[in-house]
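1. model this:
(chains A, B, C and D)
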There are 4 protein chains.
Amino acid sequence: MELFPAPGRNHLFVPGPTNIPDRVLQAMNRNNEDHRSPTFPALAKSVLEDVKLLFRTQTGTPFIFPSSGTGAWESALTNTMSPGDRIIVPRMGQFCVLWINLMTRLHFNVDVIECEWGEGIDLEILKQKLQSDHTHAVKAVCVVHNETSTGVTNDLSAVRKALDEARHPALLLVDGVSSVGAMDFRMDDWGVDVALTGSQKALSLPTGLGILCASLKAIETSKQAKYPRGYFDWAEYLKSYKAGTYSPYTPSVQLLYGLRASLDIILKQEGLENVIARHLRLAEATRRAVRAWGLTVCARKPQWDSAVVTGVVVPSSLDSNDVIKIAWKKYNLSLGLGLGEVNGKVFRIGHLGYVNELQLLGALAGVELVLLEVGYPVIFGSGVAAAQAFLSKQTPIIASRL
Amino acid sequence: MELFPAPGRNHLFVPGPTNIPDRVLQAMNRNNEDHRSPTFPALAKSVLEDVKLLFRTQTGTPFIFPSSGTGAWESALTNTMSPGDRIIVPRMGQFCVLWINLMTRLHFNVDVIECEWGEGIDLEILKQKLQSDHTHAVKAVCVVHNETSTGVTNDLSAVRKALDEARHPALLLVDGVSSVGAMDFRMDDWGVDVALTGSQKALSLPTGLGILCASLKAIETSKQAKYPRGYFDWAEYLKSYKAGTYSPYTPSVQLLYGLRASLDIILKQEGLENVIARHLRLAEATRRAVRAWGLTVCARKPQWDSAVVTGVVVPSSLDSNDVIKIAWKKYNLSLGLGLGEVNGKVFRIGHLGYVNELQLLGALAGVELVLLEVGYPVIFGSGVAAAQAFLSKQTPIIASRL
Amino acid sequence: MELFPAPGRNHLFVPGPTNIPDRVLQAMNRNNEDHRSPTFPALAKSVLEDVKLLFRTQTGTPFIFPSSGTGAWESALTNTMSPGDRIIVPRMGQFCVLWINLMTRLHFNVDVIECEWGEGIDLEILKQKLQSDHTHAVKAVCVVHNETSTGVTNDLSAVRKALDEARHPALLLVDGVSSVGAMDFRMDDWGVDVALTGSQKALSLPTGLGILCASLKAIETSKQAKYPRGYFDWAEYLKSYKAGTYSPYTPSVQLLYGLRASLDIILKQEGLENVIARHLRLAEATRRAVRAWGLTVCARKPQWDSAVVTGVVVPSSLDSNDVIKIAWKKYNLSLGLGLGEVNGKVFRIGHLGYVNELQLLGALAGVELVLLEVGYPVIFGSGVAAAQAFLSKQTPIIASRL
Amino acid sequence: MELFPAPGRNHLFVPGPTNIPDRVLQAMNRNNEDHRSPTFPALAKSVLEDVKLLFRTQTGTPFIFPSSGTGAWESALTNTMSPGDRIIVPRMGQFCVLWINLMTRLHFNVDVIECEWGEGIDLEILKQKLQSDHTHAVKAVCVVHNETSTGVTNDLSAVRKALDEARHPALLLVDGVSSVGAMDFRMDDWGVDVALTGSQKALSLPTGLGILCASLKAIETSKQAKYPRGYFDWAEYLKSYKAGTYSPYTPSVQLLYGLRASLDIILKQEGLENVIARHLRLAEATRRAVRAWGLTVCARKPQWDSAVVTGVVVPSSLDSNDVIKIAWKKYNLSLGLGLGEVNGKVFRIGHLGYVNELQLLGALAGVELVLLEVGYPVIFGSGVAAAQAFLSKQTPIIASRL
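-> Here you go, the predicted structure:
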């Protein structure tokens, strides 16, 4: 079944869901199996071990939920807190907004740090809030590592430092949905208590797995936390680990075989350091293209530049939604919408997952075609050339082809 | 990656996850796509409409969650009730146990009707409870339509009648995980308020979709219900339906393409009536085999016989887990474990999903081989012959090959 | 696209094309690639080496043609002979007939040994012909190792002995289409000069590869042989081996990746000896079922029994084509037609490739259902029971699951 | 199994094998089936009918061989001629060379028209040869429609005209391997007697099908032609068409299901006229890029420009093989080697099959990166911009997304 078919390959440049490697598609192309046979535990153990490498944690406990990232958000909150607990959280973009909405709907007491969209968390305000919280009413600081709607990355080590300096025991819960596995993320080094991601981002899988790691402290906290939990309850998983069944309910074995293949590609085939370097390279190339077009990126300072998605601000005379529409209708190019506050003002180029230099250059060439069509006087090839100039110097020979 | 590889096809005779048709595998074998393009709403609308046909409802509202059936359980409860609300629920087997556990963990007030495993809900007790509840403290009656751990099917129309006769306004919430799409299920006719299933059962998909339909009354109730909801919140879905985005967060498009194919197979290719008849046919054949072996089925009366799974009680001298082990180790046959109370006493033959006569006969022949090996004096071919005698008369010519 | 769809799995019990393992399907599920990159030679070298293990030859040279087995027949003949050369060949069944037809159309001088269908080559006549050929006009003896139309296997070591005793230099060309990789086949030990098979048989791949091995003597002969050759010319392949390109024209990389997976399964995962033992086991079980039904196998003496296909002779009152038709129309069971002389008199049960005990038992149960329907008074379960009794004693625990 | 793995998608810009659409991969991802059931004839009939639409013939007879295009070459020759027959054939590039080699090996009497590589057939010489052949010794004129090694397309209507003007009865045999289904090809209008292609080109399938159409005159001629034929014999196919079995030996059903999907995409989804227009568009964009780089295309005059592949001549100081190597090693870009006479002097950009504007622009950007690296002073973005300027005006909105 093809809806709106178009010749050639769809250029998927949203910041997730991302392109699935053939090897992952192959791994998932299989019949169901009995998850109560010895097969599933062997598979589950193997991926759980490697998930820890992806999160860079030695002492963390991984959980894999059949859910989207939103479910992982809920799991992080409800397992570590009690009803009405206070949370500090910055509102820096649409995914912050959505997580905050979820916190509110779950009746947590949300203490929002308002930020300009395009900026990272205001560390000064965070410090003040933490230092003035003498009763330690704040139970958690929740931070989106990479705000996908603006292309802004927070400095998590600075957040950790703020907590440490205030000697505040609040947990640090991190949405790493678009960062873990693509950006430099260090759960243990940065003292992250819960980190989470979704399968359809850096892991280049279909949507359907919410993946978390919890620190020892988070696990301990969860034993006292009073929020009622059902589907997303860590305790049920911990029981299943102990029992050797590895899932309290029916898991998606296809996605887990896909995850096995994806982890093999990231950790063994390309290597996590190389994956991170590739994302940085493509991101810088993209920003150079944007500037060559005479446009600005959404992130207001280089310190916040994202390695996985670039928000592009269009002139006020234009509607960024027209860019998205024409890209899809004419060039089979899928770009990211401007979400929430920046709808109409921003479009996004995702460079996340299993994607390479020439795919990006094709997409940038496509953006140029579309920009002219919506009335922006772009010079054809200008952004491509700026990106090429950078990539030409930075791109290594493919390791397996030396 | 193959774990514990074995020549030939795995005979998957657990009552879910079930065998995936090639056509469904083909439909899911595809790259990710941007769920914010016009493609996804077109796909979502089309499957949501047909899900209603599967549940046989005209006025119900369908929801598809990226989750297993356990998530659907939670969604049914939290959207229709307030914390501490009273629920009547029979405990007839392991899946009742698990649902009740979930209710308890979610702090509902659970009024359990204890049942013998192997029997259906005690309708008399249900009636008494309902009639004595003058204040209508009971907000929901929760029934597992087909208890998969014992192979016992409840008479939902009788449950409906009990509610009606007691003029009780409690909602009727039904776990149709192993029944919807395989057994005769009539949401509207039976006044079911919430019915739910999972993708890995009759729909013959991988695990990963929790599918619900809610009656008009359930939808209305959900607007007043006070249980905090996050991931499984209907209100968010209803907003997305109105907005035309069709999902409040990232959906699994591969599973939805698979669902499209599965619904096409069930509703258009084979026809729901024929699907139901096939399940009844295979179930009766299986029970005749069991009797020919000199064994008994777990369901204590024919009125409770399940069309999708047959629990087989082994003599007390045997451990049913040995049957499962040898079946897997020697014949690549996956049978259902005895769960919970009946562990060691019962094994289960699933005949659910996209499976046919000869697959079943091969599995029955395999059970005979295994029974002898665990020390039960079965006569080879006896169960197969009993099943054949029935199937020989009942099996129609395949419709497309007349 | 589904033509004549039917619920559940097709029971493919023709003696080829055979069931494809999931792992092989996965390996072939990939995009095209440039066969002039370093990838293809690496792949080709690896499979060519392992093909030799399958044929059990150390000194043979393997060739893989994009063709069916018929193309391999042509390749064997035209590369080793000159126009009009004399060939001795037995006519024991339909595939002999077809090969002889091809020889005739290619203008070879064919000296046919007429055999009863159901019997192997008449070794006495062969010896006479060889011993009386004082001028060595006979350039080749062509033998079908396993005649798939009757389920008759020739004793190739006896053929070799006949050549040796006659001190006759004729080449020994062997059609191993349905034997190599499933039956005991020893190219070097038996002095076979050209052996050939097709991908859709023991290798459990789609049709599309004609695979040959040529002895040193055959290679030498090919340099003098005068038959004009184009597509199937060994010399072009030998040049490509030398050049490191490994194919004189565009190869099918998908099938070669599939072949890689198939060789891995046969040689490393299950082991060739175990594969051969499994085929012998399933064949004996099938013959015992046939006898339990009161029917006879096509092979007239046990010495000719085939390990990969069993021809079943129906009573003269029945038309074996009816068996095939009903099996397909009602039970989604694909059995082998009676071909050529035995059409209407014989149907065939293939037990070739990646198939196991329970699949076979399901098919045997299906044959019983069909036999009764065409009017043969079979006792349900009788053949199944006979097969079970044998398999019960002979089937080992799956090696990976010990 | 991944050989030389690299992140992201391989940019396959050789002029075949081409990129396979997901829908085609899906269609081929299936088990084997019995080709003697009613399924295969239904499938075969359906694709044979539509193959005629692809070749634009109403009276032609299609044949589909399990082979590469080389097999189709042999089939065209051996079915229409007798040993030693005289053939006129231009030598314009490597594929002419290979076809001529095949003719020679098959002992035909080959009358070669030597051409400059980069030019089309010399029509004047052709006319002279035909007009001077008073005895009609010439039995066939063999022309490669599109010489893939140079990117030169012949004017077939002019060849036809030369035959007509000379009133010469020779058959016109056309290699349409890289043209049929992508370029304007008119079998009936141009009086082509045999036209042939391979599955891995415009049809975007794996290698493995040699596809021919024969005119009524060619079919008649084949009945008298004396060349011995085996595997590639039309007569055997014609018998199978009559018998309703549709193949004289085991066909590759997977490829035929793939062909069914491919024909659906070309003929129904995109439309053959649109497919041809897309190829013309991408080709012109490519040539403009080449010129913007300051390089020349291999085709010496615009009349010979190919719609499916562009040969790019590198300055004499460079080795075009270095371009291919670096493209593959660093950018996962597969470009076409310079073959035969132009090896080292030419590299080729294929724009054939299921490929679109942005894929091409990505590849052109990649070529720029590589050119600089091999020492050619390209200006980044120059070729991309030239292509964009053209595509910007010529690319229509995708029909399904209007």
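2. got the confidence number for residue A:150?
-> For residue A:150, the pLDDT comes out at 97.
3. no no, residue A:65
-> Looking at residue A:65, its pLDDT reads 98.
4. quick one: it from residue A:131, how far?
-> 35 Å (C-beta to C-beta, to the nearest Å). Any C-beta I mention is one placed from the backbone N, CA and C, and that applies to glycine too.
5. same question, residue A:232
-> For residue A:232 relative to residue A:131 (C-beta to C-beta), the value is 32 Å.
6. next one: residue A:224
-> Here residue A:224 is placed at a distance of 25 Å from residue A:131 (C-beta to C-beta).
7. of those two, which one has the most company?
-> Neighbours per residue, other C-beta atoms under 10 Å in any protein chain shown: of residue A:224 and residue A:131, the larger number sits with residue A:131, 13 against 9.
8. ok, the nearest residue to residue A:245 once chain neighbours are set aside - contacts?
-> Nearest non-adjacent residue to residue A:245, counting by C-beta to C-beta, 6 or more residues apart in numbering or on different chains: residue A:41, 6.7 Å away. The contact partners of residue A:41, taken as C-beta atoms under 8 Å, 6 or more residues apart in numbering or on different chains, are A:244, A:245, A:246.
9. show me which of those are buried.
-> Among the contacts of residue A:41, those scoring as buried are residue A:246 (criterion: 16 or more other C-beta atoms under 10 Å in any protein chain shown).
10. show me which of the contacts of residue A:41 is closest to chain B.
-> The nearest member of the contacts of residue A:41 to chain B, counting by C-beta to the nearest C-beta, is residue A:245 at 10.7 Å.
11. on that earlier part again, avg pLDDT for the helix or strand that contains the residue nearest to residue A:245?
-> According to DSSP states H and E, residue A:41 maps onto helix A:39-55. Helix A:39-55 shows a mean pLDDT of 98.
12. show me what counts as buried in stretch A:362-375.
-> Within stretch A:362-375, the residues that count as buried by 16+ other C-beta under 10 Å are A:362-374.
13. okay, the residues you listed in JSON lines with pLDDT and distance to chain D next?
-> Putting the buried residues of stretch A:362-375 into JSON lines (pLDDT from 0 to 100; distance: C-beta to the nearest C-beta, whole Å) gives the following:
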{"residue": "A:362", "pLDDT": "98", "distance to chain D": "3"}
{"residue": "A:363", "pLDDT": "98", "distance to chain D": "7"}
{"residue": "A:364", "pLDDT": "98", "distance to chain D": "8"}
{"residue": "A:365", "pLDDT": "98", "distance to chain D": "4"}
{"residue": "A:366", "pLDDT": "98", "distance to chain D": "4"}
{"residue": "A:367", "pLDDT": "98", "distance to chain D": "10"}
{"residue": "A:368", "pLDDT": "98", "distance to chain D": "6"}
{"residue": "A:369", "pLDDT": "98", "distance to chain D": "6"}
{"residue": "A:370", "pLDDT": "98", "distance to chain D": "10"}
{"residue": "A:371", "pLDDT": "98", "distance to chain D": "11"}
{"residue": "A:372", "pLDDT": "98", "distance to chain D": "6"}
{"residue": "A:373", "pLDDT": "98", "distance to chain D": "7"}
{"residue": "A:374", "pLDDT": "98", "distance to chain D": "12"}
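14. of all those, which comes closest to chain C?
-> Looking at the buried residues of stretch A:362-375 and their distance to chain C, the nearest is residue A:362, at 16.4 Å (C-beta to the nearest C-beta).
15. apart from its neighbours in sequence, what residue is nearest residue A:322?
-> Going by C-beta to C-beta, 6+ apart, residue A:322 has residue A:374 as its nearest residue, at 4.7 Å.
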